[in-house]
Every structure is written in structure tokens, then in C-alpha cells.
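[1] Take a look and give me a structure for this.
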Amino acid sequence: MQYLLLCAAILLPGSLAFPAPLQLETPNNTDLQNVTVYLDKFFPIFTRTPSLSLEERIKEMQRFFHLPATGQLDAETLGIMKMPRCGLPDVSDAKSAPEASRWGKTSLTYKIFNYTPDLPVKKVVNAIKRALAVWSDVTPLEFKRVYIRSADIVIGFAYGAHGDGYPFDGRGNVLAHAFGPGQGLGGDAHFDESERWSEYDQDINLFLVAAHEFGHSLGLNHSDVRGALMYPIYSYTNPDTFTLPEDDKQRIQKLYGKKS
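    Predicted structure coming up:
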């Protein structure tokens with residue numbers, strides 16, 4: 001089953017402001033180590049490009065985020081790397097082409113395996129339900145909650161290593177991850193319990209992250225469109241006035257069709 005690297009983050013309608021680019025002529029060892037870890041996780045080298053230099057890999061990341069592709073570690077590039085985000089890679093191997101997977105049915109089940117203590121159970125349930133509705137409102141998809149039997153999408157909160165081979169990194173950076181459609185872990189969405197989950201704009205908003213992750217659960221990869229729900233960087237927008245951006249709407253309807 002293909003793992004669609006998720007899960008930790010979103011950019012929703014709004015804008016990002018960064019300091020003016022600052023060229024770092026002699027990045028220290030810590031900077032280089034952190035950059036390499038980031039690139040390995042979110043812009044991995046595939047067999048088709050085994051000999052990319054670090055500079056070329058930085059350029060690839062900068063192009064994805066629509067930054068000047070200098071290959072240099074300026075302040076804006078480092079700023080993006082430090083922002084909270086989804087754990088899914090931003091590039092895919094040719095063998096796992098973007099959005100090549102989808103559920104072969106439109107009626108899906110979900111189960112909430114456990115809850116975060118940051119919010120009352122009722123508010124967790126509501127955030128999950130509303131996050132799934134983001135996608136069912138524009139497609140023929142239907143989601144039914146189950147409690148005991150197996151489900152297509154299993155939702156849970158966990159610290160660090162939690163049995164799926166993709167450990168969380170503690171508070172900050174990766175917020176969550178999800179698996180693409182399939183058997184076993186397919187469709188499942190995991191949220192880092194090290195984060196502080198909230199209903200509105202305190203700390204990390206559960207509804208916004210969940211809606212992003214469920215996009216992965218349904219087969220979407222990351223978008224490079226700032227303002228898209230499937231943009232990998234987290235940014236807050238008011239859940240009460242949230243509407244699915246057009247980029248996300250078109251992509252999910254390409255997989256499942258329009259709602260009747």
C-alpha cells in the first residue's frame with residue numbers, strides 16, 4: 001500500500017510574510033544537518049534523480065514554494081523549513097504518481113480510535129465530522145461512523161513512534177500524517193499528541209489539520225498553490241467561515257466526480 005506522506009499542515013486562505021531574503025554564505029553544520037533532514041523527509045531523492053547536489057535539492061524545494069530558486073539558504077527558505085506542516089512529502093516518485101490512487105467506492109466508514117485530552121470528546125467528534133464533510137459536500141462521497149468493526153479510515157492521536165513506521169517528532173514541525181486509499185493502514189490519519197489541539201485559533205486547529213489529512217486519505221497529494229487546503233504548510237483560518245478552495249475542489253472532483 002502506498003504511503004502518501006502526510007498529515008502535518010495546511011495553508012488556507014491568507015498570506016505568509018517572511019523577512020527579506022538573507023544569503024547565508026557559510027551555513028553552520030547544524031543548519032546543513034537540519035536542511036538535509038528536511039529535504040530527505042519532504043523532497044526525497046528517487047531513483048530517477050540519484051545524483052542531485054544539495055544545492056539542486058534546495059532549488060527543488062524553493063521552486064515548490066515559489067521562492068527564488070537560488071539554491072542558497074536564505075532566511076525565507078529556512079523560515080519555510082521551520083513552519084508547522086503535514087508529514088507527507090511534497091514530491092512523489094514516478095512510480096507513485098500524484099493522485100494515482102482512489103477508493104473504488106463512494107461510501108466510506110471511519111472510526112475514532114482515541115481522543116486528545118486537549119479538547120472535550122464532543123468537540124473532537126464534531127471537528128472530525130466537519131472535516132470529512134469538507135470533501136463530501138463537493139463529491140458523491142459519504143462517510144459513516146462505526147464504533148466496533150473495522151473502518152476504511154481509522155483516526156487516532158499518538159506520541160512519537162506509534163507502530164506505523166513514521167514516528168512523530170514532538171511539538172512543532174510535523175503535525176499529523178495520513179495514508180492513501182488501500183487496505184490495512186490505507187486511509188488512516190494520525191495526529192501528533194505532542195501538539196496542543198484547539199477548536200479555534202489557539203495553538204493548532206484540529207478541524208483544519210484533519211480536513212487536510214483526510215484529503216490524503218482520499219488520494220490527494222500536496223498542492224503548491226498557496227491558499228489551497230492541500231498546501232503542506234499550516235496556517236489558521238476561521239473554521240466557521242471556511243470554504244474549500246477551488247484548487248482542492250477541482251482535484252477531488254477529478255478523482256470522484258461532482259456531487260449530484
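
[2] And the contacts of the longest helix belonging to the chain?
    Once the chain is assigned using DSSP state H, the helix that runs over the most residues is helix 121-136. By Cβ atoms under 8 Å, 6 or more residues apart in numbering, the residues outside helix 121-136 that reach it are 110, 112, 115-116, 119, 141-143, 145, 155, 199, 206-207, 210-211, 213-215, 218, 229, 239, 242, 244, 252, 259. From N, CA and C alone the C-beta is placed, and that goes for glycine too.

[3] Narrow those to those in strands?
    Those of the contacts of helix 121-136 mapping onto strands are 110, 112, 142, 143, 145, 155, per DSSP state E.

[4] so residue 62 makes contact with residue 77?
    Yes: Residue 62 lies in contact with residue 77 (Cβ atoms under 8 Å); the separation is 6.0 Å.

[5] one step back: which of the ones in strands among the contacts of helix 121-136 count as buried?
    Buried residues within the ones in strands among the contacts of helix 121-136, counting neighbours by 16 or more other Cβ atoms under 10 Å: 110, 112, 143, 155.

[6] Quick check: the farthest pair among the residues you listed?
    The most widely separated members of these are 112 and 143, with 11.9 Å between them, by Cβ to Cβ.

[7] re the thing from before, which one among the ones in strands among the contacts of helix 121-136 gets closest to residue 68?
    Each of those was checked against residue 68 using Cβ to Cβ; the closest is residue 155, at 38.9 Å.

[8] in the stretch 1-150 of the chain, which spans are helices?
    29-42, 54-64, 75-81, 121-136 (DSSP state H, counting those that start in this stretch).

[9] Out of those helices, flag the one nearest residue 178.
    Nearest to residue 178 among the helices of the stretch 1-150 of the chain is helix 121-136 (11.3 Å), distances taken as Cβ to Cβ.

[10] Buried residues, the closest one. List them.
    123, 124, 127, 128, 130, 131, 132, 134, 135, 136.

[11] Quick one: distance of that helix to the chain centre.
    Distance, stretch centre to chain centre, for helix 121-136: 17 Å (Cα atoms, centre = their mean, to the nearest Å).

[12] same check, this time on stretch 240-253
    On Cα atoms, centre = their mean, the centre of stretch 240-253 falls 15 Å from the chain's centre.

[13] can I get the CA coordinates of that stretch in PDB?
    The C-alpha coordinates for stretch 240-253 follow below in PDB (Å, rounded to 0.1, in the frame of the first residue of the first chain):
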ATOM      1  CA  ASP A 240     -16.800  28.900  10.900                       C
ATOM      2  CA  THR A 241     -16.300  30.700   7.500                       C
ATOM      3  CA  PHE A 242     -14.100  28.000   5.800                       C
ATOM      4  CA  THR A 243     -14.900  27.100   2.300                       C
ATOM      5  CA  LEU A 244     -12.900  24.600   0.200                       C
ATOM      6  CA  PRO A 245     -10.600  26.400  -2.200                       C
ATOM      7  CA  GLU A 246     -11.100  25.900  -5.900                       C
ATOM      8  CA  ASP A 247      -7.800  24.100  -6.400                       C
ATOM      9  CA  ASP A 248      -8.800  21.400  -3.900                       C
ATOM     10  CA  LYS A 249     -12.300  21.200  -5.200                       C
ATOM     11  CA  GLN A 250     -11.200  20.600  -8.800                       C
ATOM     12  CA  ARG A 251      -8.700  18.000  -7.800                       C
ATOM     13  CA  ILE A 252     -11.000  15.900  -5.600                       C
ATOM     14  CA  GLN A 253     -13.800  16.100  -8.200                       C
END
